[in-house]
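Undergrad: here is the input, now give the coordinates:
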Amino acid sequence: MSRVGIITVGLSNVSSLTGALSRAGASGVVVDSPIMLGEVDRLIIPGVGNFSRAMTLLKRAGLVSAIKDFASSGRPVMGICLGMQLLASKGQEGDGSDGLGLVSGNAALLPSSQRYRVPHMGWNSIDILRPHPVLESIASGTDFYFVHSYAVSEFKPCEELARTNHGNSFMSATSRENVVGFQFHPEKSQKQGSRIINNFLNWDGKC
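TA: Next up is the predicted model:
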């Protein structure tokens, strides 16, 4: 059985994610200290809330360098929602902060209008730009569940995996080597989200 580390330092409620992993036949291990990363073979960084606050909590727990070392080992890493933003080089939310730098980009506030409100909340489709093992059997136009006000911009085009439109187009999935990130919530996206989680569990971190 795959043992999946779930980073949590007060950033999210992990119950829906551990439930999704259990249904997929994997064991979710809550990780709140660096030593626990030695017990898992892949890692998920979920999260809700403030980018700068999240990075402060990760630093305080000694997890920033530990997560980077884990990614450098070639083991698969997935960021979800705020977790995808934390993968980026920096984020503007709060006082502004450096991110983990596992992918490129800057997490910035989504533009809003009378028609397109922020936060972007609910079901929306993704436009897949290139194939990836974690998106196997997922078609462009598939709907997933989003809840967010920020999205990653200023990224390297080669790291953009999918886009979504909410008045303006934004990157909704990213990847670099053994790291992948999704702005939406696979664990809350029913059958298609379960497919992504299963794909991640079967991924060897190579593309």
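
Undergrad: grab the longest helix from the chain for me.
TA: helix 190-202 (DSSP state H).

Undergrad: quick check: beta-bridge partners of H166?
TA: Beta-bridge partners for H166, by DSSP bridges, are N168.

Undergrad: thought N124 was touching it, still the case?
TA: Yes. Here H166 reaches N124: they are 6.5 Å apart, a contact under C-beta atoms under 8 Å. (Each C-beta comes from the backbone N, C-alpha and C, glycine too.)

Undergrad: between those two, which has more neighbouring residues?
TA: Comparing H166 with N124 by other C-beta atoms under 10 Å, the one with more neighbours is H166, at 23 against 16.

Undergrad: gap between that one and S73?
TA: 35 Å (C-beta to C-beta, to the nearest Å).

Undergrad: I128 now?
TA: Taking C-beta to C-beta, one finds I128 at 28 Å from S73.

Undergrad: between those two, which one's more packed in?
TA: I128 (17 against 12).

Undergrad: quick one: pLDDT of the more buried one?
TA: Looking at I128, its pLDDT reads 98.

Undergrad: wait, what's in contact with the closest residue to it other than its chain neighbours?
TA: Leaving aside its sequence neighbours, I128 sits nearest to S140 (C-beta to C-beta, 6 or more residues apart in numbering; 4.5 Å). Listed by C-beta atoms under 8 Å, 6 or more residues apart in numbering, the contact set of S140 reads 125-128.

Undergrad: which helix or which strand is home to S140?
TA: Using DSSP states H and E, S140 sits within no helix or strand.
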